Each structure stands twice: as C-alpha cells, then as structure tokens.
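J.: here you go, sequence then predicted model.
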Amino acid sequence: MRRGLVTATVLVATAAMGCGAGEEDVIVDHGPAPTPYSGPLYVPMKAMDGDSQEAVLSESGAAGRALECDGEIHSGGFGAEWGRGEGGSTPEEGLKLYFAIEQPDGPTTGYRRERREDDRVLYSFDVDGRTKVAIVVAKDQKNRPGWGPETGASCDPAERPAAFTDSKEYEIWTGRDGKRVATTTLSSHAGAEHCDWQNVHFLGMGRGAHHRQYVRDPQGVLESELLTAPYDGDVRMPGGAHDTGYRFKGWRLWLTDDRKTAYVRTPDGVEAWPLLRQSLGCK
C-alpha cells in the first residue's frame with residue numbers, strides 16, 4: 001500500500017503470526033453490515049502524485065469507495081506482490097497477510113466480513129455501524145498467488161474508537177463542541193526517542209501546502225535556526241490571541257491572527273510554541 005504504509009514481500013509463516021492479528025479474533029462479526037457497500041469490489045487502481053482525495057481514491061480502488069468517513073479519506077493504496085506459496089489459502093488468511101505485509105497503523109482485529117463476490121472479499125472495521133477501515137482481499141491475481149490484499153483504505157484516526165487511539169501514540173484533540181478533531185486539521189505528538197527528541201513536542205495544523213508545525217522544546221534540543229523564535233514556557237497571553245476551542249487533556253490552544261506562534265494554556269500558565277521554518281521529521 002502507498003501513503004506511508006510499508007510495502008514488502010513476506011512469507012506466509014510471518015503472516016500466520018499476523019503481527020498481532022492472531023492474538024485476538026480478526027473477524028468478530030459475520031452478520032450483515034448495517035449499510036452494506038453495494039459498489040464493485042474491483043475498481044482499477046492508478047498511482048498518482050500528491051496526497052489529494054483524488055489521488056487517494058485513485059490508488060485505493062474499491063476499498064476507498066467502501067469507506068463511510070465523516071471527513072476526508074486519511075490513507076489508502078494498492079498492495080505489494082508476493083511469490084507462489086506465500087499467499088493465503090482462505091480469505092481470512094489473506095486478510096492476515098495484509099497486516100503482515102503492510103503493518104498498518106490501524107486496528108488488526110475486530111473486522112466484519114462484509115461481502116464476497118467471486119474471488120474478492122471486502123472486510124470492514126466499523127464504528128457505530130459505519131466503515132472506517134476497508135480492506136479488499138483477492139485470490140490469484142497477477143503476481144499475487146493465493147489470497148492476499150488488493151486494496152486498503154482508512155478514515156482519519158480520529159474516527160477510530162478512543163479505546164484504540166488511546167492505546168497508541170495518537171494525541172486526538174477535541175473541538176469546542178467536544179467532538180474529536182481530524183488529525184489533518186490538528187495533531188500533536190512527542191518527538192522520537194531514537195532521535196533524542198523525547199522531550200520535544202510537535203503540534204501540526206493543516207495539510208499539504210497549508211501545513212504548519214509548532215514545537216515545544218523546553219530543553220533547547222533543536223537547532224535555533226530551525227525555529228522562527230525561541231520556545232518560552234512562561235508568557236503572558238497576547239491581547240490579540242483568541243481561544244481556538246481546541247483541547248487536549250490539560251492543554252488549550254490559542255492563536256493570534258498571524259499564527260506565527262501557538263499559545264498553549266496549561267494548568268500552570270501559558271507557553272509559547274514557535275513555528276518551525278519547515279516541517280521536520282525524524283528518520
């Protein structure tokens with residue numbers, strides 16, 4: 001799969017371990033879906049540059065069309081190839097092969113076998129009766145002998161159950177209405193330990209050309225030239241700042257109209273998180 005998911009060839013012995021998929025029931029509901037997908041299980045896929053919704057739909061085929069997202073599709077793509085003897089002997093083994101090959105950041109258990117049509121099966125992970133992750137597995141396709149993943153797609157992590165996202169490294173913010181905010185609108189995360197950034201915190205807003213990334217760096221780990229200003233852990237809230245309504249635990253996000261600094265109100269005061277001059281990632 002594309003869009004940040006791993007592409008690799010893997011032996012079925014690895015798939016049997018399931019990267020965690022075998023620890024619990026992969027399929028939990030064999031009953032009919034509340035709102036079953038009625039479109040074709042095969043839609044031609046085409047790789048496209050960029051991360052627009054058009055590009056994601058083009059690459060995720062039927063899986064992208066089977067989703068029932070509240071917002072935009074978060075990710076999707078078509079699968080890797082594998083050799084003879086590496087595919088599954090059943091559709092469910094093909095689903096487990098998806099988890100082994102792609103190692104997705106989404107759930108690996110709790111799926112519904114929503115529909116079968118000839119040599120394709122659609123599996124869905126539902127939240128309140130709506131499909132948030134969709135995976136199409138197919139049998140004996142070109143360079144993919146046996147059962148294995150053809151396409152997969154998912155809604156934003158904020159649309160997954162809180163019990164799932166809370167068990168991962170996601171930090172899902174809420175809006176003024178208390179509803180969870182899409183990670184493409186606002187997201188935050190601690191820095192990677194293997195880059196010695198564990199005491200740094202990143203806050204991202206928007207996506208693509210409109211993406212902005214702010215940073216909390218109380219120990220001055222990052223090089224100063226990467227920042228538009230120094231981090232300050234104790235400031236007075238500027239008169240022109242306004243409460244965005246975004247909340248994460250004890251943090252409240254305030255912004256000025258120029259959005260050059262993120263002001264985070266905490267139980268202890270107000271912190272000024274400077275804007276990064278360019279998006280930064282740890283490799």
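T.: All right, it came through fine. Numbering: from 1, shown residues only.
J.: quick one: F164 is in a helix?
T.: Yes - secondary structure of F164 (DSSP: H, G, I helix; E, B strand; the rest coil): part of a helix.
J.: pLDDT below threshold where in the stretch 151-283 of the chain?
T.: 281-283 (pLDDT under 70).
J.: try 80
T.: Where the stretch 151-283 of the chain drops to pLDDT under 80, the residues are 207-209, 279-283.
J.: so for D29, what pLDDT did the model give?
T.: In this model, D29 is scored at 69, pLDDT.
J.: again with the one 10 residues further on
T.: With respect to pLDDT, G39 scores 96.
J.: so how far is T131 from the residue lying closest to it once chain neighbours are set aside?
T.: Among residues not flanking G39 along the chain, R65 sits closest, at 5.3 Å (CB to CB, 6 or more residues apart in numbering). For the C-beta atoms, the positions are set from N, CA and C on the backbone; glycine is no exception. Look at R65 and T131: by CB to CB, to the nearest Å, they are 10 Å apart.
J.: give me the more crowded residue out of those two.
T.: T131 (26 against 19; other CB atoms under 10 Å).
J.: element containing the more buried one, please.
T.: Taking DSSP states H and E as the criterion, T131 maps to strand 130-141.
J.: what does the longest helix along the chain contact?
T.: Across the chain, the longest stretch assigned as helix under DSSP state H is helix 53-66. Outside helix 53-66, the residues within contact range by CB atoms under 8 Å, 6 or more residues apart in numbering are 2-3, 37, 39-49, 72-73, 75-78, 114, 120, 122, 124, 131, 134-136, 150-153.
J.: what pLDDT is listed against G22?
T.: Predicted confidence (pLDDT) for G22: 45.
J.: shouldn't I27 be in contact with E92?
T.: Yes - counting by CB atoms under 8 Å, E92 is a contact partner of I27 at 6.3 Å.
J.: who's more crowded, those two?
T.: E92 (18 against 14).
J.: can you give me the strands in the stretch 51-200 of the chain?
T.: Using DSSP state E, counting those that start in this stretch, the strands found in the stretch 51-200 of the chain span residues 73-78, 111-117, 120-127, 130-141, 144-155, 186-190.
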